[in-house]
Every structure is written in structure tokens, then in C-alpha cells.
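Engineer: structure of the sequence below:
(4 chains)
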There are 4 protein chains.
Amino acid sequence: MTGTRYSYLGPEGTFSEEALRTLPDAADGALLPARTVPEALDAVRTNDADAALVPLENSVGGAVPVTIDDLAAGSPLQIVREVVLPIRFVFAARPGTAPADVRSVAAHPQASAQCREWLRRTVPDATVVDVLSNATAAVRTAAGEYDAALSTPLAARRNGLELLAEGVADHPDAMTRFAVVTRPAPPPPPTGNDVTTLAVYIRHDQVGALLAVLTELAVRGINMTRIESRPTGERLGRYCFFLDCTGHVADERMGAALAGLHRICADVKFFGSYPRAGGEPPVPPPAGMADRDFADATAWLDRIRAGKPD
Amino acid sequence: MTGTRYSYLGPEGTFSEEALRTLPDAADGALLPARTVPEALDAVRTNDADAALVPLENSVGGAVPVTIDDLAAGSPLQIVREVVLPIRFVFAARPGTAPADVRSVAAHPQASAQCREWLRRTVPDATVVDVLSNATAAVRTAAGEYDAALSTPLAARRNGLELLAEGVADHPDAMTRFAVVTRPAPPPPPTGNDVTTLAVYIRHDQVGALLAVLTELAVRGINMTRIESRPTGERLGRYCFFLDCTGHVADERMGAALAGLHRICADVKFFGSYPRAGGEPPVPPPAGMADRDFADATAWLDRIRAGKPD
Amino acid sequence: MTGTRYSYLGPEGTFSEEALRTLPDAADGALLPARTVPEALDAVRTNDADAALVPLENSVGGAVPVTIDDLAAGSPLQIVREVVLPIRFVFAARPGTAPADVRSVAAHPQASAQCREWLRRTVPDATVVDVLSNATAAVRTAAGEYDAALSTPLAARRNGLELLAEGVADHPDAMTRFAVVTRPAPPPPPTGNDVTTLAVYIRHDQVGALLAVLTELAVRGINMTRIESRPTGERLGRYCFFLDCTGHVADERMGAALAGLHRICADVKFFGSYPRAGGEPPVPPPAGMADRDFADATAWLDRIRAGKPD
Amino acid sequence: MTGTRYSYLGPEGTFSEEALRTLPDAADGALLPARTVPEALDAVRTNDADAALVPLENSVGGAVPVTIDDLAAGSPLQIVREVVLPIRFVFAARPGTAPADVRSVAAHPQASAQCREWLRRTVPDATVVDVLSNATAAVRTAAGEYDAALSTPLAARRNGLELLAEGVADHPDAMTRFAVVTRPAPPPPPTGNDVTTLAVYIRHDQVGALLAVLTELAVRGINMTRIESRPTGERLGRYCFFLDCTGHVADERMGAALAGLHRICADVKFFGSYPRAGGEPPVPPPAGMADRDFADATAWLDRIRAGKPD
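Structural biologist: Just a heads-up that it's a prediction; the model follows:
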């Protein structure tokens, strides 16, 4: 078999599989469900898979700590692509079930959290029962354990459920960002609209340590789109910061910012530069921050160092 | 009944109950398990409980988004106290089970994540099965569904399990911070070693918006000990920031910082000032940041405005 | 005599007198020339004058150190008004002198510096002789010591000289700012387009000390229009900073900035808030920095301190 | 003649000549007094001199605007050395004059300003008369025009005056910094204790423009020891900034700071890197700012760009 081997956060039928199937080469590839995010990532590290697709961030639930922690703690991997998937659930039941008959709803806790208002309005008297995945909700509803499931379209169809409602979500724009992760490799080329993901470990837990980190970004016109302090696991109160920044490691300004962080921080981990998913137009660099501005400044510096000012 | 009515994240036997039982007045109070964090908090809002104890942050798993999101989205509540609990699991089985006999282990996914190395070393061949809470792990092991459980001491004892191991944790210093939450009230008095928790909503998703927030803190010598950008739920890429800061709203410098944030941000939500749990000694304010420095500066300003400089 | 007694940097006929005569109440006042700026200011301190008019800054020659040093070192005085005067010299000679006959030109060194190109073009072969004031140049030319003078219109007229050229200046927009200085008094009311002048003495000669000063201004949206580090006189390398800032001490944001500086600096000296001379329209405060924003923030802070959030 | 040709701010006998004579190669060189600083500098530009010695800054009087303006406005020149001279005046008279006989004192206005208290104490009844240089004071006293002179040791000796007092100064540590200026050339090698002098022209007269400049320095651990906003000559309120910074253009951190300024500013003029005069020990760069830290960061950046993280 010559296709790409993809591990992903299983079981089959979750949004992860749905996201994976948006990739052009997934159709010809091997899709390998993993029980956990660490297992999906380890499959790449051990060369049992070529790439992994794992959730990175949810517009409702926030960052997915396990993904980012595993990227930080394990041997280096690299994000090469992001996939953004609208999160819409289906409300599904065995054929023949009328909405008014639904007394119990199986749902993953994150799913029921994202559809709380909808459930209140639609099945105010039903009991919501936590299950361990969106796919499980469909499986156990098909098995007759529950009257209905909040699940994914994929899982509902595979388990022969009938859709009582589609596009279910309290926040109609809820999305999840997934990362496609490989072993370390030169990043995909810059597109002008890229994201760089990294972790910085500050030297001291001091006033202004994070301010110094953000200043390194700001002086190069780098926009930070996500930040999260994470305990280093050593003890409560010791943190590193996970950041998403606008730009690509191949950009001069991002390179300068990363090198600056490397100098002032105890450690910096680079998790990849990759095209931003979604159709927003690329943002040009601020005044003075384009690659040619860096080249001009370096040439000028060379001249004054040589005693040949303009 | 005159005791305090506490709602908490159930079911019975979880670490939340264990944390709650460290409170002096919990012994005489009513302890009301809730199915979810939002339900525990809503019980306070509806006056079905006087206070709620809910998890805020885990030294391994990071912030608990559901707690912070519910505080931000619902009607105002206030953190009045934090409880920090060391997270040590017990490995427990029905009486008579030998460690070598364990083929299946029931565990909440966060519990198995925090004991991953320990499980690998101790029961390398056992299957780890996800269940929905630490208490459930004990219940279903007692029922014979699984050979052993990763659970809490409380749940193991209540379900008649025998401890095969105690103090189980990959990170021996792993802890969870819980918040005790009430309806809005004047904060407990400053102790000199306090935490203030808040959410700030930035006006624009721009370079330097967070830098401006941190600068408001830094110019008053306020140390930020935790930060997390959270999607506002509107769409991916729109964030607010949840912050833990050192100091108390009654301190002049914290008041000035909060007022400054209120001026430059689209919104600021104050979630409480409360004593920092744990025995670290109070940190004196930096030079120029004590209450008397603020009073001196105000008096000086009054004098120059009145045309009476020193 | 009931008019205001004004001391000013003499001798008679300098630009200082010209500037003074632009004040409405100067016509009825006593105009007292002083030999030096310190003497002009001391006359106010000793109540021999009600106010002094002294040069503060020249658009070509820069700040006038002696004025600012005397304000800083002596007992408190206060700038209540600024006068901005276009600096145009006259080129004048005894009646009957033809331009081609001019072989020597008397000029104050600052005057000849500001007209260097003009002199080169107009009297390329003349010798320029330094004299101690613009008025002296006219006096000594009238006395026949020199063929021509670069001087002020006032001094040329009083000494009976004939104008060979008017409006002489290499930079046609050259101006001098003069300050009207009184004993300490409540500042004139804010106009929406005011300047505040001050001196800050930093605690340590360290990386970032000035950055901290500017940050105190920037977080309140205060624009700094002039800065000068000045040796404190103690030894080379120890500095204070003289600043002109946009805004009035009665503005909330300026008050907050000044109070912040008072807290972080070894000393702050306030030299006055006064209307900006010149017709530029007032600049509204940046977002979040108007007085009502400060009032809103304070009211909000009071509410959260009282346990009554919005 | 093979010695170095030095132009300097004359006339003979001023502190400039005294400073020049501290240079080892001045003894064999040609010393060419110039009437003004611009003339001294122009002599270098036209190759009538190899170097110029001109005053840069006085610990009492502050910066010497004319020097810095001429460096900024004229064709490029470069500071290669600084000379710091203690400023002590002599109080001198014709032989036979008793202190009690002194009724008039000739002094340059800066000299009398620096000895104001001393004159008040010593010759309270004498009239102080302004003259145009310290040397002139001696010449005219020798000629019998005045009873005594505040002057330099050199000028007093050459004019045959007798010293009534030596080491005269209100501030015993008053000093003047002089710059030795040549045509552009590669800077002298770094010594570990160097100064870099430059001018930056900001793009807009906006809140935070200078803050951005200082931030470029601060993020590289560059200490600024002197700053002065100077009108650009265009109109009042438009400024550039003259800066002295600690470090050498050949240092990685200074190079990075200068390149950063070049990117964000309308213009940057480099006036030289040269050893700091005076015996203060060299200050090591802050953590993360040594040349090897820059080299490490660049190597790390190269690795992550190549897909070969640590």
C-alpha cells in the first residue's frame, strides 16, 4: 500500500475522522483510529503512521491540553497543516422514534455542553447521559440503551440511526481546529497567511516575564492569536506558555522573534509553521516588517560596520 | 438545618468531595453533589446552595474550561476561597485480587493520563478502560465489571475495595485547585498573599492588545500567575483572556490595574480576590506600589493641582 | 502702578521683549529686563516681579538649558502660559550703508547660526563677529564698530538702523517658545489643548528606567512632545529627564500618569500645565482615556469592591 | 609634516585645546583652532584636517546642540574617541592684583553659570561681564579691561595672569565630554565598555513612537545613557532623538538593535562606536544578550527551519 498512513483520535465516526476525510490524500490512505491523542501521536513517532490528525482547539471548549502537552513532552513532532471543521451535531434515534418519545439522550459531555440550550428547548424532560465519545453515543443508541444520541453525521449513518435534527449547536459558528502532525521536516513553504505554534518556558516566575515574551513578538509585528499558560507538571504555579502566532518561521520577522525568544527564555519549542485554514485574506506585514525591510536593515548595518554610511 | 449548603462536582467520592471536606464548616453543612460544574454553580445562583466547590485548574491537565466559561457566561458569582489538593490516586480492587491478576483497569481518562507511566510499569498487560468519573471506576470495579480501579481513597473505601497501591501519580506533586464560589459579596479581607481572578475581553484582535493588558498590570507591579486565551464562543480566533494575578482588589495597586483594564478593554469580569492557598510567604509589593505609595502620590497630585507644590 | 510687573531676558530689544509685548497685559505693565534667565526668574521668587518671560526652546537651537535647570534647581515656579514667536532677523545698518559695503557683521552666535546660509549667499566676504546679544549687535553697529547687524526689528528701530533685509532666517519656520512663569498657583483651566512640563529623576541608571517613565505616560494615552536628559550636575552619566507632554494636570489621565511617575521615580517636579500656543486644533483623548472613562472605571471598581458587580 | 592635523573649537587656550592635548598623538600633530564647531567639522570634511575635537556634552550645561546638529545635518562623519575633561576654572588677574581689589570679572556665560555660587561667596560685590570665550576672558583681563577672569589654566598662563584661585567650580565633579571626529571609517574595535551615538528620526509624532525606539533597545539589553529630542529644524514639534547607548556596533545585540531601529524609523544616523572614557569597569551583557547567545539562537533557528529541531 502506497497511501499515507494516518493515525487519528478515534473511535471511528468522531469529528476527527470527519476532519481527516477532508484531506485530499486521505481517500487513498490508511486511516488508523487511536484510543487517545498520545497514542495517535506515538504512532507517528514509532513510524507506525506517517501522520496523525488530532484536535488542537475547540471554539467552545478551548485548547485540547492533551495534544499540546504531548507535543511538548514527547520527542519532536511537527504540525504541517491545520483543518478547521464546523462542529454541528446530529440528533439521531433508531428509525421510528418520534421526538416526543425521547426520554434519554446519550452524549459525550463536551457535546451536551455545546448543545445545552438546544437540548433544554427541544427535549426538556429527557435525561442526558454521559458517554465517552460521540461515536459511542450512536453505538449505544443503536443498541437500544438510550432513546437518542447527540452524535456526528458519520457515526449516525454507520449505526443506522435516523436523523431527528441536523446542524445542532448552541453556537452556530462553533468549530474545532485539528492539527496534522508528522515527524520533523522542513515546514511547508510560506503562503503569506500562516500560523506558527510554539511553547516558551520562562526563566523565572516573575513580574513581566510574559510581558518580555510578548514584547519580543510585538517589536517584530508578530500577532499572537492564542495563548495559554500551562503548568509544567512540576508544581502548581510553574508555567510554560503555548502560543499561536501569525506568520511563518521562514519569514525574517518570525525568525527574528523566535531567535529573540530563544535568547531570553529557558526553552522554546517549535511545533510548526503551516497555512492558516479558512478563507481570510493574508495580512501583509506591518510597516518595516517585510522581508525586504529586514534585508535593507542588514545591508545598512553591514555598511556602517564597514565605515561606509549612506 | 443551619449549616452551609455546598454544591460540588459529583458524584460522591471524587476529589471534589475530598477537597470540600477540608473546609472547616463542611462537616456541619449539606454536601450536594451535582452532575456537572454548571449545575453545581447554578445551584448557587438559584439559592439551592450557599456555595459551590468546583475544580479550577489541575497542575497536570491545566485549566478546567467549563468552570471558567460558566463563571464568565452566567450571572455573576464570586470566588471567595481556593482549596489546593494533592492529586494522589489509589489503585484498588475487590478483596482478594492479586496485582498479577489484574487484566482490566477502570479509570477516568484524566486519571489514567496522570498515571500513564505508573500503569505501564505496574500492569503493563492490563487494558485501561475509560469511565466517566473516578467514583464510577470504583463502583464498576466493585460490581465486578473490571479487575481494578484507579480511584480516590474515598470512593475505594465506600465501595469496599482493597488498596493495592496508594499515592499513585506520575508527577508526585500533582495538585488540583478548587474554587469555593458564592453569590456576589464583598471579598474576604486582604491577607497580603491573595489571588485575583478575572476575565478581560479585548477590543480588537490586534498586535499588542494583550501586551496592553499585561502592561496595565506590570506598571502597577502586579504579577500574573496564569493566563489563558479562550474563544468567546462567537468564532474561532476571537478571544478573551482569563487571568490569575497576585494581589487583592482592595489593594490600591490592584484597584488601579483593574480600573485601567476597565478603561482599555471591551469588558472586564471580576471573579474574586481570595487568599492564596499554600504556605508560601506573602510577597511585599514592589517599590512604589504599596498602598501608602499610592496615598502619597495622590496627596502630591492634590497639592500640585492646588498650586501648592512641595 | 497696578499693571503686572514682568521680568524678562534682556537687554531691551531682544526677541524676549518682542515676545513679551504680544501679551495683552504687557502694555500696561512694567517690563523689567534681566541680565540672565536666572535673574529674571529670581525676580519672581523675590516678588520683585509678578511674572517672568524666558526662552524655553528654540526650533533650531533646541532647549534652553539654563531656563529648565533654574526651574528645576530653584524654589518652585510655575509656567502659566507659552508664547511662540517666529524667529526672523533683520539685517540692518547705519543709514546710507549699501549692502555691497558691508565688510563686518555683528551677530549673536545663535543668530548667525540660524542665518548661516543666508549670510553666505548675501555677504560672502563679510566677517561675522560674535556679540553677546541681538540687541548688542544693533547697539555696536549704530556706534560704528561694525558695518551691519543681524538683529531684531525692535533693536534695529530703537538704534536708528536702516533695514537692508527683513525676515532673515535659513529655516523660514524657525520659532522660539517662551514661557511665562509665576510663583506657584492653581494652573489655568484646561482648554483641551494643553501642555504639561515636568522633570523626572530616575531611581537608578538602569536599562529600562526611561522605558518605565514613558510607559506610565503611554498607558494613559499621554503623548510626549519633547524629552531631554539632563545631567543632574552631580556627575556625568547621572540624568534627569525634562518632558513636555500633551494634556493638563486637571485631566484625569494626566493626573494618573503624574501620580504613577511620582510612585516610580526618585522625584518628579511639576512645572505647569498651560494652553498650547498656536492654532492646532485640540486633540481628543484616545479611547478609554477621557475623564468620563476614568469616572466609569472608578465607579465600576467601587461596585466590585462592594460585592455588587454589574 | 607627518603628524595628525587636528581642528578644534578655538580660540587657543580653551578647554577644547586642553582636551586635545590629552591625546597621545596631539604633541606631534598640527592643532588648528576653528572659530565654530561647524568650521572645525567642515575642516575634516574638506580634508583640511584629519580629525576634529569638539565638545559633545557638558555635565552642567548639557548637550552641545551645535555639534550634534552639524553631525546630523552635514555629510557623514564619525566619532572615534571621547575625551572627558574635568571642568575646573582658574580665577586669574594681572600680577599684583589682590582679591579684594577685584571689581569686575570677565567670564564666558557658561563659565560664570558653573561658578555662580563660588563668585557670590568670593567676590560678592564684583560685576560679572559676559565675554565670548574663556580665552577671551584672559586676553581682555591681561589688556586691563577687567580686573579678573574666570578662565582656563592654559589661557591664564599664556596671557601672563597670576592665579588667585584654582579648581574653581560649583560642582566639583563637573566635566565636559569631547568627541574626536574623523571621516567615516570602520569603528575602533570593541573594548567591552563602549558607547554608540546615533540619531533616530521617528516616522510620526505619535503616542508611543519613542516608546517603540526604547523598546528596540531594551529587548536587546541596550542601556541608553543620554537622550535628547531635537527639533528637526522643519518646525517646532517635529523631533529627532539623539541617543548615547552602551555597547558597540560590532556587538551582535547592538547590531540587532540598530537594524531594528532602521526598520521602524524614518531614518537612523550612526555617529560612531568608541571606548567609554573613564575607568568604570566594563559591564557584561545581560543574560541572553552576549554574542554567543545570538550565535546560539541563530544556529537553533537554522535547525528548526531545516526541520531538525533539538
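
Engineer: can you tell me how far residue A:228 is from chain C?
Structural biologist: 25 Å (CB to the nearest CB, to the nearest Å). All C-beta atoms are positioned from the backbone trio N, CA, C, and that covers glycine.

Engineer: and chain C, is the helix or strand containing residue A:262 touching that?
Structural biologist: For residue A:262, the host element (DSSP states H and E) is helix A:252-264. No - using CB under 8 Å from any CB of the partner chain, helix A:252-264 stays clear of chain C, coming no nearer than 13.1 Å.

Engineer: please see if that helix touches chain D.
Structural biologist: Yes - interface with chain D: helix A:252-264 contributes A:255-256, A:258-260, A:262-264 (CB under 8 Å from any CB).

Engineer: for that helix, output the C-alpha coordinates as CSV.
Structural biologist: The C-alpha coordinates for helix A:252-264 follow below in CSV (Å, rounded to 0.1, in the frame of the first residue of the first chain):
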residue,chain,number,x,y,z
GLU,A,252,12.5,37.1,8.6
ARG,A,253,10.4,38.8,11.3
MET,A,254,9.2,35.4,12.7
GLY,A,255,12.8,34.1,12.6
ALA,A,256,14.0,37.2,14.5
ALA,A,257,11.2,36.8,17.0
LEU,A,258,11.9,33.1,17.6
ALA,A,259,15.6,33.8,17.9
GLY,A,260,14.9,36.5,20.4
LEU,A,261,12.7,34.2,22.5
HIS,A,262,15.4,31.5,22.3
ARG,A,263,17.8,34.0,23.9
ILE,A,264,15.6,35.2,26.7
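
Engineer: so where's the stretch 101-250 of chain A uncertain?
Structural biologist: Applying pLDDT under 70 to the stretch 101-250 of chain A flags the ranges A:204-207, A:233-238.

Engineer: coming back round to it: same list, the residues of helix A:252-264 next to chain D, but as TSV with distance to chain B and neighbour count please.
Structural biologist: Formatted as TSV, the residues of helix A:252-264 next to chain D follow (distance: CB to the nearest CB, whole Å; neighbours: other CB atoms under 10 Å in any protein chain shown):
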residue	distance to chain B	neighbour count
A:255	17	22
A:256	15	23
A:258	16	29
A:259	19	22
A:260	15	25
A:262	20	23
A:263	19	26
A:264	15	23
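
Engineer: between the residues you listed, which sits nearest residue C:93?
Structural biologist: For the residues of helix A:252-264 next to chain D, the closest approach to residue C:93 (CB to CB) belongs to residue A:256, at 61.4 Å.

Engineer: distance-wise, check the closest one relative to chain C.
Structural biologist: From residue A:256 over to chain C (counting by CB to the nearest CB), the distance is 20 Å.

Engineer: run the chain-centre distance for stretch A:30-47.
Structural biologist: 16 Å (CA atoms, centre = their mean, to the nearest Å).

Engineer: list the buried ones in the helix or strand following the helix holding residue A:262?
Structural biologist: Using DSSP H and E, the helix or strand that directly follows helix A:252-264 along the chain is strand A:267-275. Under the neighbour-count criterion of 16 or more other CB atoms under 10 Å in any protein chain shown, strand A:267-275 has A:268-275 buried.

Engineer: name every strand pairing with strand A:267-275 and say which way it goes.
Structural biologist: Applying DSSP bridges, strand A:267-275 is found paired with strand A:194-201 (antiparallel).

Engineer: next, the angle from the partner strand to helix A:252-264.
Structural biologist: Strand A:194-201 and helix A:252-264 are oriented at 10 degrees to each other (axes from the mean of the first three to the mean of the last three CA atoms, to 10 degrees).

Engineer: list the contacts of strand A:194-201.
Structural biologist: A:68, A:71-72, A:79, A:82, A:179, A:213, A:225, A:230, A:232, A:240-249, A:251, A:254, A:258, A:261, A:265-276 (CB atoms under 8 Å, 6 or more residues apart in numbering or on different chains).

Engineer: and for stretch A:65-72?
Structural biologist: With CB under 8 Å, 6+ apart, stretch A:65-72 has contacts from A:36-38, A:41, A:54-56, A:77, A:79, A:179, A:181, A:199, A:228, A:230, A:233, A:240, A:242, A:269, A:271, B:61-62, B:113.
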